[in-house]
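Trainee: Predicted model follows, preceded by the sequence.
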Amino acid sequence: QVQLVESGGGLVQAGGSLRLSCAASGSIFSIDAMGWYRQAPGKEREFVAGITRGGSANYADSVKGRFTISRDNAKNTVYLQMNSLKPEDTAVYYCNAQVRRTAVALPFASWGQGTQVTVSS
């Protein structure tokens, strides 16, 4: 079994910053891509940022230049540094990891429970 635990969410004023963390634990051989998604009330979950095991990152257009994703492979942890936050960034943020349980196993998607980010105007 694999667990992803997010932390770092909270309430911040517009223009402020937050740093989210997501640590994976359990039956893990390795983790391929990791990423962050978010879901605002009444909206579908959307992609925010992703990063490969080698460190290549990509971002949704709405967060480019403001958010930075990074990871520590030794700790099975992914981070999301969020700067210049806007009220429209308010959402529950979910961590995703493509986990392999063995060297030859296909990766499967594992999700965290989510952490609330609220940006006040």
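Mentor: Looks like it arrived, so ask away.
Trainee: Identify each buried residue in stretch 14-23, please.
Mentor: For stretch 14-23, burial by neighbour count (16 or more other C-beta atoms under 10 Å) applies to 18, 20-23. Bear in mind the C-beta positions are built from the backbone N, C-alpha and C, glycine included.
Trainee: For this protein, just list every one of the strands.
Mentor: Remark: strands assigned in the chain by DSSP state E are 2-7, 10-13, 18-26, 30-39, 46-51, 57-59, 67-72, 77-82, 91-100, 108-111, 115-120.
Trainee: Could you measure from R38 over to I51?
Mentor: 16 Å (C-beta to C-beta, to the nearest Å).
Trainee: ah, wrong one, I meant T77
Mentor: 11 Å.
Trainee: Next, the contact list for S121, please.
Mentor: Residues counted as contacts of S121 (C-beta atoms under 8 Å, 6 or more residues apart in numbering) are 14, 87.
Trainee: Same question for S27.
Mentor: 1-2, 101.
Trainee: just the buried members of these?
Mentor: Neighbour counting by 16+ other C-beta under 10 Å classes 2, 101 among those as buried.
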